Every structure is written in structure tokens, then in C-alpha cells.
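1. What follows is a predicted structure for the sequence shown.
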Amino acid sequence: MRRLPRAFYSRDALEVAKELIGCLFLFDGPEGRVGVRLVEVEAYRGSIDPGSHGYRGMTARTTVMFGPPGRLYVYFTYGMHWCANIVCGSPGRAAAVLLRAGEPVEGIEVIKAHRPAIRDDRLLTAGPARLTQAMGIDGRQNGESLLRGGVLWCAEDRLTEESREWIVATRRIGLTLGKGDDLPWRFMIRGHPYASRRG
DNA sequence: CAGAAGATCTGC
DNA sequence: CAGATCTTCTGC
């Protein structure tokens, strides 16, 4: 299982998002290793994207987005949820890929313990805030590197290639009308049990 | 400085 | 389908 290198993330977020589908996202957390196979992500493209937190320039919250690629950008929303992104492109571009859903493949027991009320396994990690909660990721991981030496990383999986046939691009979820909601910048494995129902 | 919206989820 | 819950940003 090889850790994806900096060069992988240094490209346009659209390219990175598409290629992250089927890859593993792993975290060596305090309770052990947890990991998912990514089945749904969205690209956010900084200053050219009204839906991006980086659209209007850097703020205190978005500092990490404007930094080097290969780091985790974690933000807090709706008063209770954390969402995780991977910073892409080159420094200053504020591009990132939002991790929206994955299929648990490592540390299933730890994942279930993080979401004890969930009875249907498919709902453990289907949704950006569900995914972070299941993996034990929150603001403490904001800015953490996914590159060599860190506790977070992505890796290609042997299933990556066969999953790729089912990838579709559709509009992103949850954006206000007119803020890029019509752009097909979400990538998912359509019909995958661990992806969202929509799309 | 106040107001509104927010890359959401859950339970009714 | 509405409530939870609070940070962040914008406009006055």
C-alpha cells in the first residue's frame, strides 16, 4: 500500500478528485488505524469557483487551503459538523477535494464505535460529516500533512481500476443556487452502496 | 457590531 | 420535514 506522493495532489482539483475515487483514505488515530475506500468526492477550485471557501481570498478559516497541496483542510459547519478536504494544486490557488463518502475497509470496529447509534452500515460513512465522525477526524487534524511521515494518507488500491468504470460526474451537493451548484464537479461511483443516494 | 447563512445530519 | 447549534463572513 503506497502513500500517494505530493505530485498526485499538485494538479487541478478536478483531476485529483476523479482519481481519488477508489483510492484508500487512512488515519492512524488514537484508537488504531481506520480507513475507507473513497466512493464520492467533490472538487472545489478556489478563485474560479463561487462554491469554494477560497473564492473571496484567504481568511482565518481558510489558511490551510491557500497553503501547499497534500494537507487536510477541516472546517466546522452547521454548529456541529466537521468536513474534511484535501488541498490540491499549487500554493495560493485554494483548491481542494471534499471527501463525501467512503466504504469502510480498515478498523471497522473503531468506526462503528464512533457512531454507535447507526444500525445500517451503509450510513456509517455516507456524507462528509458522517465520514469525519466515523474516522475520528475533527479540527485537530486541520492542516495535517498527508505526505511522508504523517498519520494521515491516501493510497491506491487494487480495486481502483475496476471501480473507475462506474465513475460519474454530477452536480455538487448543498450549494446555494448560483454559486456553482450547476457545475459537474462531484465524482462518485453511481449506485455504490456506500455513496449517497443522490446522483 | 449584528445578522444571516452555512460544502449537514438526525429523529420525528 | 424541521430542529439542532455555533462559527464565519459580510454589510452597515
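-> Looks like it came in fine.

2. So what's the residue count around the closest residue to residue A:193 other than its chain neighbours?
-> Of all residues not flanking residue A:193 in the chain, residue A:122 sits nearest, at 5.2 Å (CB to CB, 6 or more residues apart in numbering). Quick note: C-beta positions are derived from backbone N, CA and C, even for glycine. A total of 15 residues lie near residue A:122 under the criterion other CB atoms under 10 Å.

3. Residue A:164 too?
-> So residue A:164, with other CB under 10 Å, has 13 neighbours.

4. do the one 3 residues further on as well
-> Other residues lying near residue A:167 total 18 when counted by other CB under 10 Å.

5. For it, give me phi and psi.
-> Reported as degrees, to the nearest 10, the phi and psi values for residue A:167 are phi -70, psi 130.

6. what are the pairing partners of the lengthiest strand in chain A, and which direction each?
-> Ranked by number of residues, the top strand in chain A under DSSP state E is strand A:32-45. Taking DSSP bridges as the criterion, strand A:32-45 pairs within the sheet with strand A:24-29 (antiparallel), strand A:95-106 (antiparallel), strand A:186-189 (antiparallel).

7. mind listing what residue A:84 touches?
-> A:72-74, A:98-99, A:128, A:131-132, A:137, A:141 (CB atoms under 8 Å, 6 or more residues apart in numbering).

8. 6 Å instead, please
-> A:72, A:74, A:99, A:132, A:137 (CB atoms under 6 Å, 6 or more residues apart in numbering).
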